[in-house]
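S.K.: Got a sequence here, can you model it:
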Amino acid sequence: MSDICVTTSGCSADYLRRVKVQKSQHSPAARGFIHIAKAPRGYIFGRRLTKQLQCGIPCTEDVEVDVAIVGAGVIGLCTAYSLLRSTNLSVALIEANRQVPATTPHCGAATGAGQGYIWLAHRDPSSIAWQLAAESQSLWQELLQRPHLGAGDVEWQSSGSLLLARESVEAEQLQARQERLRGAGIAAQYLDEGALHAEEPALHSSMAGGLLVSSDSQLNGRAAAKALLAACQSLHAGASAFRTLLGHPVVDMATDGSSGAIQSIATREHRIWPREGIVIATGAWTPHLARMISSAQAPGLADSDIQPRKGHLLELPASLAPAIKHGLMEIGYAKHYQRSEASAEDTDITFTATQSASGSLLLGSSRELCGFDGKPDHAVIQAILERARSFLPALHHVSAADVDVRIGLRPYSRRGMPHVGRLPGCPNAFVAAGHEGSGLTLGPATGELMCRLVAAAEEVLPAYAAALQLEIQ
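M.R.: Numbers count the residues shown, from 1 in each chain. Alright, predicted model coming up:
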């Protein structure tokens, strides 16, 4: 006989009850002692418990799978797609929200609230994230050729990007950036004031210059998430290789006391048994998930490693929107891709604009550290509109009442690049988070890297992989 420790919060007394379970070669009890610390009220989490215990508490459904992925944003979806397409591993995708991408009437995770940039123009070619972004851009071109992921499915637009300068100092920065991008193999073209207005007539006449990168593209993040989910489902249609558990937040993870390995994952209705590993891709919520498995061997992530950085995005209907040919961004936006110590007092407003496939205009953007507050802020909305009017004068007739507001909680990483790799001290747990507003840009390459790590592929990892490994403070 062997002990499994379970919390029976639904019983008259709240204490740890030891349940004797007969050992067998199939029972997790044979794998050693399992400690389950935080079961929700009314359930006992134990595998192979085939009858109710005292108080009539029901057992959960067991789900056996090779890899469990927690989080169905673009990072989790890209990881699932890579595993299903490149390996024979079965995958369970676990998501707290009932829909993909996760949204509420106002606020959601980052995937569904972004502008859909697949850009290199505003990035630093010498950075680690550049390598991840460049590989992802190539992978997107491959994905567009696959079922359920065509250009129409994700609303892909090869519209190019324009970085904008309002004064001479910024124009000089654009010219220097042109040379760096060209050195990295990107066809970038600096446009002086006259050429800029010929290229994009809707811009204010005060613009000092622009940098055009025609190879940059954009898509619809919400459509892309739904398309990736459909693509995963189609790879093994009718088989048990892929299972989605939407609307099932993870409430507990059970670890092996000696090795630190994750034995199982619990939702309120399921206990998932991953044979090969678990990928935590829950964006701004990642430190919370990591704390469930923290121990002396696996210290987890601090809240300060990945924080929610709230962003507002405004959508203006096509009937009120000036036509633009390219995605637009002021050069100051590039500062968001550097290591920084942002403070809760800072609210940054930077102009961005893209035109959706349907003709609506998406205006951004704001960044602020305010915890998990997802409520719209009227002052921030007004500030975004005011900033946008200084670039697009046709917006002077637009008021806050004319726009729909999207709010997303970006997973901000203070080191300026995401955390991608094995969770120290937990041999079968992996983290892919901290992409902030760049999940769509970095997602495909992140998914491929996670696939290689989880599947223990013998092929050589890309040179940037080591730098993305978690830094536990």
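S.K.: so where do the strands sit in the stretch 51-200 of the chain?
M.R.: 61-70, 91-95, 107-109, 117-118, 161-165, 188-192 (DSSP state E, counting those that start in this stretch).
S.K.: Surely Tyr333 is in contact with Thr352?
M.R.: Yes - taking CB atoms under 8 Å as the definition, Tyr333 is a contact partner of Thr352 at 6.4 Å. C-beta coordinates here come from the backbone N, C-alpha and C atoms, glycine included.
S.K.: Which residues are in contact with each of these two?
M.R.: Residues touching both Tyr333 and Thr352 (CB atoms under 8 Å, 6 or more residues apart in numbering): Ser365.
S.K.: Next one: the spatially closest residue to Arg177 that is not a sequence neighbour relative to Leu163, how far apart?
M.R.: Leaving aside its sequence neighbours, Arg177 sits nearest to Leu211 (CB to CB, 6 or more residues apart in numbering; 6.0 Å). Leu211 is 4 Å from Leu163, where distance means CB to CB, to the nearest Å.
S.K.: shaky segments in the stretch 351-473 of the chain?
M.R.: For the stretch 351-473 of the chain, applying pLDDT under 70 flags the ranges 458-459, 471-473.
S.K.: re the thing from before, which of Leu211 and Leu163 has more neighbours?
M.R.: Using other CB atoms under 10 Å as the criterion, Leu211 and Leu163 rank with Leu163 on top: 31 against 25.
S.K.: Give me the secondary structure label for the residue nearest to Arg177.
M.R.: Classification of Leu211 by DSSP: H, G, I helix; E, B strand; the rest coil places it in strand.
S.K.: quick one: it and Thr446, what's the gap?
M.R.: For Leu211 relative to Thr446 (CB to CB), the value is 27 Å.
S.K.: same check, this time on Ala241
M.R.: For Ala241, the distance to Thr446 (CB to CB) stands at 21 Å.
S.K.: neighbour count winner among the two?
M.R.: The residue with more neighbours, out of Ala241 and Thr446, is Thr446; 29 against 18, by other CB under 10 Å.
S.K.: give me the element the more buried one is part of.
M.R.: Following DSSP states H and E, one finds Thr446 within helix 439-454.
S.K.: Name the next helix or strand downstream of that helix, please.
M.R.: Sequence-wise, the next helix or strand downstream of helix 439-454 (DSSP H and E) is helix 465-468.
S.K.: Give the pairing partners of the helix or strand hosting Ser366; include direction for each.
M.R.: When elements are assigned from DSSP H and E, Ser366 belongs to strand 361-368. For strand 361-368, the paired strands and their directions (DSSP bridges) are strand 306-316 (antiparallel), strand 347-355 (antiparallel).
S.K.: next helix or strand past it?
M.R.: Taking DSSP H and E, what comes next after strand 361-368 is helix 378-389.
S.K.: what does that following helix rub up against?
M.R.: Contacts for helix 378-389 (CB under 8 Å, 6+ apart): 312, 314, 347, 349-351, 353, 363-366, 368, 395-396, 398-400, 403, 405.
S.K.: rewinding a little: turn the strands paired with strand 361-368 into JSON lines, columns for mean neighbour count and distance to Gly114.
M.R.: Output for these, formatted as JSON lines (neighbours: other CB atoms under 10 Å; distance: least, CB to CB, whole Å):
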{"stretch": "strand 306-316", "mean neighbour count": "23", "distance to Gly114": "7"}
{"stretch": "strand 347-355", "mean neighbour count": "21", "distance to Gly114": "10"}
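S.K.: Would you reformat those strands as CSV and include distance to Leu149?
M.R.: Formatted as CSV, the strands paired with strand 361-368 follow (distance: least, CB to CB, whole Å):
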stretch, distance to Leu149
strand 306-316, 24
strand 347-355, 20
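S.K.: for the ones you listed, which one sits closest to Gly221?
M.R.: Nearest to Gly221, of all the strands paired with strand 361-368, is strand 306-316, at 10.1 Å by CB to CB.
S.K.: Report the next helix or strand after that closest one in sequence order.
M.R.: strand 327-330.
S.K.: pLDDT of that next one, averaged?
M.R.: Strand 327-330 shows an average pLDDT of 98 in the prediction.
S.K.: That one pairs with which strands?
M.R.: strand 161-165 (parallel), strand 347-355 (antiparallel).
S.K.: Identify the residues contacting Leu395.
M.R.: Listed by CB under 8 Å, 6+ apart, the contact set of Leu395 reads 316, 322, 363, 385, 388-389.
S.K.: I'd like to know which of these is nearest to Ala176.
M.R.: Ala388 (26.1 Å).
S.K.: ok, now how distant is the closest residue to Trp130 other than its chain neighbours from Glu368?
M.R.: Leaving out its chain neighbours, the residue that sits closest to Trp130 by CB to CB, 6+ apart is Arg123, at 5.0 Å. Distance of Arg123 to Glu368, computed by CB to CB: 22 Å.
S.K.: Glu142 now?
M.R.: For Glu142 relative to Glu368 (CB to CB), the value is 36 Å.
S.K.: now swap in Ala433 and tell me
M.R.: According to CB to CB, Ala433 and Glu368 sit 19 Å apart.
S.K.: Show me which of those two is the more surrounded one.
M.R.: Regarding Ala433 and Glu368, a neighbour count based on other CB under 10 Å identifies Ala433 as having more, with 31 against 21.
S.K.: out of the strands paired with strand 327-330, nearest to Gly71?
M.R.: So among the strands paired with strand 327-330, strand 347-355 is nearest, using CB to CB, at 25.2 Å.
S.K.: Would you mind writing the CA trace of the closest one as PDB?
M.R.: Taking Å, rounded to 0.1, in the frame of the first residue of the first chain, the C-alpha atoms of strand 347-355 are listed here in PDB:
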ATOM      1  CA  THR A 347       2.100  55.300 -18.400                       C
ATOM      2  CA  ASP A 348       3.600  55.400 -21.800                       C
ATOM      3  CA  ILE A 349       1.700  56.500 -24.900                       C
ATOM      4  CA  THR A 350       3.200  55.800 -28.300                       C
ATOM      5  CA  PHE A 351       1.600  56.200 -31.600                       C
ATOM      6  CA  THR A 352       0.900  53.100 -33.700                       C
ATOM      7  CA  ALA A 353      -1.700  52.500 -36.400                       C
ATOM      8  CA  THR A 354      -2.700  49.600 -38.600                       C
ATOM      9  CA  GLN A 355      -5.700  49.100 -41.000                       C
END
